[in-house]
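A.B. asks: Below is the structure, and that's it, no one-letter string:
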């Protein structure tokens, strides 16, 4: 299986047409990634809001391309949400910030039930593979400022390709957080505490076992010498919902040509 790396530096500014993203499983050069738990008495409200309002609302913002939510029952954090966007300008745009500063009634009712939240506005630093898997290994990686460039280079050029070539792996991605953009003060951000992981690794697979096997590529022997740490609560999540923006999907949900 041949997987050519894609770096955000090489692809940033390229045509925004989704057809031009055929070389990557991701639809765009930026993403918003969220981990969270939900208090037991808010679970029904969370599903009704997230499925029917929040994901469609986000994908109505120009430049948002796809939303996916994953679950690992019994794990904490239990949910992982991934929004893919055309570029970082989209996830820092006035249109997006306007939504964050004008939460709907359902949003205001649901956010207080969030627990154990991480949220990062990210650039796509590297992406391998061209398919989307039903299971994803999601890792949050910390690195000090002095070590950040070395960590990013090592993951993108050595560690990620090793993980991507395992049986059952269909894609692997390194996302680098835009720290200032992730911490922008908004009406929504004030409703819950959250942390911002400097780096996010997502390894997509066709089976949960294949995704779990990819974890070995990111062991302490590979990252500790670089001054990086992998949070111990990394987990394999299963896809619950996937939705394309109407700008790239037909009425029947098929990718527009």
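C.D. replies: Sure, I can see it. Because the structure is predicted, anything quoted here is derived from the model rather than measured.

A.B. asks: only C-alpha atoms for contact and neighbour calcs from this point on.
C.D. replies: Fine.

A.B. asks: give me every residue that touches residue 68.
C.D. replies: Contacts for residue 68 (Cα atoms under 8 Å, 6 or more residues apart in numbering) come out as 81-83, 239-243.

A.B. asks: Tell me which strands whatever helix or strand it lives in pairs with, and in which orientation.
C.D. replies: When elements are assigned from DSSP states H and E, residue 68 belongs to strand 64-71. In the sheet, strand 64-71 lines up against strand 79-85 (antiparallel), strand 235-244 (antiparallel) (DSSP bridges).

A.B. asks: Where does pLDDT dip in the protein?
C.D. replies: Low-confidence segments of the chain (pLDDT under 70): 1-22, 146, 250-257.

A.B. asks: and if we set it to 90?
C.D. replies: 1-24, 99, 143-150, 179-195, 219-227, 246-257 (pLDDT under 90).

A.B. asks: longest strand in it, by residue count?
C.D. replies: Assignment by DSSP state E gives strand 114-129 as the longest strand of the chain.

A.B. asks: Could you tell me the angle between that one and strand 79-85?
C.D. replies: Counting by axes from the mean of the first three to the mean of the last three Cα atoms, to 10 degrees, strand 114-129 lies at 50 degrees to strand 79-85.

A.B. asks: which element follows strand 114-129 toward the C-terminus?
C.D. replies: Using DSSP H and E, the helix or strand that follows strand 114-129 towards the C-terminus is strand 135-143.

A.B. asks: which residues touch that following strand?
C.D. replies: With Cα under 8 Å, 6+ apart, strand 135-143 has contacts from 151, 197-208, 211-212, 214-215, 227-231, 233-239.

A.B. asks: Tell me which stretches of the stretch 101-250 of the chain form helices.
C.D. replies: 105-110, 148-154, 160-164, 179-182, 208-213, 220-223 (DSSP state H, counting those that start in this stretch).

A.B. asks: tell me which strands and helices the last one is in contact with?
C.D. replies: Read it as helix 220-223. strand 228-230 (3 or more Cα pairs under 8 Å, 6 or more residues apart in numbering; DSSP states H and E).

A.B. asks: Name the residues that touch the strand it packs on?
C.D. replies: 139-144, 147, 151, 218-220, 223.

A.B. asks: Give the pairing partners of that strand; include direction for each.
C.D. replies: Strand 228-230 has its sheet partners listed here by DSSP bridges as strand 135-143 (antiparallel).

A.B. asks: for the partner strand, which positions count as buried?
C.D. replies: Neighbour counts over strand 135-143 (16 or more other Cα atoms under 10 Å) mark 135-143 as buried.

A.B. asks: TSV for the residues you listed, including distance to residue 184?
C.D. replies: Below are those laid out as TSV (distance: Cα to Cα, whole Å):
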residue	distance to residue 184
135	31
136	28
137	27
138	24
139	23
140	20
141	21
142	20
143	21
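
A.B. asks: between those residues, which is nearest residue 115?
C.D. replies: Minimum distance to residue 115 across those is 17.0 Å, recorded for residue 140 (Cα to Cα).

A.B. asks: Identify the residue nearest that closest one in space, chain neighbours excluded?
C.D. replies: Of all residues not flanking residue 140 in the chain, residue 200 sits nearest, at 4.8 Å (Cα to Cα, 6 or more residues apart in numbering).

A.B. asks: how many other residues sit next to the one you found?
C.D. replies: 22 (other Cα atoms under 10 Å).

A.B. asks: show me the contacts for it.
C.D. replies: 138-141, 174-177.

A.B. asks: How about residue 100?
C.D. replies: 186-189.

A.B. asks: For those, could you give me CSV that also reports neighbour count and distance to residue 59?
C.D. replies: Output for the contacts of residue 100, formatted as CSV (neighbours: other Cα atoms under 10 Å; distance: Cα to Cα, whole Å):
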residue, neighbour count, distance to residue 59
186, 15, 19
187, 16, 19
188, 16, 17
189, 16, 19
